[in-house]
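**Q** Quick one: sequence and predicted model below, then my questions.
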Amino acid sequence: MVSIEQLNSGHLPSWCPGCGDFGILIALKGAIAKLGLEPHRTVVVSGVGCGSKIPHFIKTCGFESLHGRALPPATAIHLANHELTVIAIGGDGDGCGIGLGHFMHTMRRNLDITYIIQDNEIYGLTVGQASATTKKGTITKSTPHGTPEDAINPPLIALAAGATFVARGFSGDIPHLTSLIAQGIEHRGVAFIDVFQPCVTWRKDLPYSLYQQKIYKLEEAGHDVTDWEAAVARARETERWPIGVFYKVQKPIYTDQIPFLREKPLVKADISNVSIDKFVEEFL
Ligand code: SF4
């Protein structure tokens, strides 16, 4: 059993004071501690962005990849050894911009991994450009006359792509977010969690107080998590912003459907009789 303190890496985040990433980091550590996951059997994989520095601040295995590419290495790590717990994480620019294709394909494959989007509706690290989740009409450094495009809705994308666990949390409600991340990790299949994460530097028009005023909890609203159409309707709400589990169902996971992987992880395969030379020759 690992405590939250034991998950401290010794490296301190350089995020702006008040950044929502702090809440997400605490919630992620809290979920790992709550589930009693062993740090050396847990892998946190990220892309590039303010929040994508998170593997540096948590004492598990980690991998910081390229921009928009958290999910390909997370998929590879999972397929190499699906006995590990794999958690991919990155911002909205990372996952809904350059990484959108990976996001959708990971959802439809129902890999048994968790994907968290730190959704602050802005490119923070590159100092304040509109992202794919920035709402239409928002004035940012790159859109001085207001964003002309409609925003992407991450939970709706996940639902449309076939995700079997879809949720949304708020970095300002750490106990609730901790519970959602723990539920996502425990879910057998792909789990997607969108997290409202205030960027206190570049989105001063989206302060904590506005989230607190707008959000409500699905578990207090009689929402049926097995009803896909109800989940879609909740995800499309704009006047009030639901957080909690939108959708949760069980379906066969990817590795159950590959005969070899059903028996054991790839890393446990006996390759003593495999001729590597034969494969190399094939590609020469
Ligand atoms: Fe957080 Fe925004 Fe600062 Fe980046 S720029 S660390 S997202 S507050």
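**A** Received, thanks.
**Q** Give me the spatial nearest neighbour of Val249, chain neighbours excluded.
**A** In this structure, Val249 finds its nearest non-sequential neighbour in Thr164, 5.3 Å apart by C-beta to C-beta, 6 or more residues apart in numbering. In this view, the C-beta of every residue, glycine as well, is placed from N, C-alpha and C.
**Q** roughly how far apart are the one you found and His187?
**A** Distance of Thr164 to His187, computed by C-beta to C-beta, to the nearest Å: 7 Å.
**Q** overlap in contacts of those two?
**A** Lys248 (C-beta atoms under 8 Å, 6 or more residues apart in numbering).
**Q** right, and the residue nearest to Val249 touches Asn110 too?
**A** Yes - proximity of Thr164 to Asn110 meets the contact threshold set by C-beta atoms under 8 Å, at 5.7 Å.
**Q** Between those two, which contacts overlap?
**A** Once C-beta under 8 Å, 6+ apart is applied, the residues that Thr164 and Asn110 both contact turn out to be Gly189, Val190, Lys251.
**Q** count of residues packed around whatever residue of the stretch 151-284 of the chain ends up closest to the ligand?
**A** When you check the stretch 151-284 of the chain against the ligand by C-beta to the nearest ligand atom, the closest residue turns out to be Cys199, at 3.3 Å. By other C-beta atoms under 10 Å, the residues close to Cys199 number 26.
**Q** Relative to His223, how far out is it?
**A** The span separating Cys199 from His223 equals 28 Å under the rule C-beta to C-beta.
**Q** wait, Trp202 sits on Ile122?
**A** Yes - Trp202 lies in contact with Ile122 (C-beta under 8 Å); the separation is 4.8 Å.
**Q** In terms of packing, which of those two has more residues around it?
**A** Ile122 (29 against 22).
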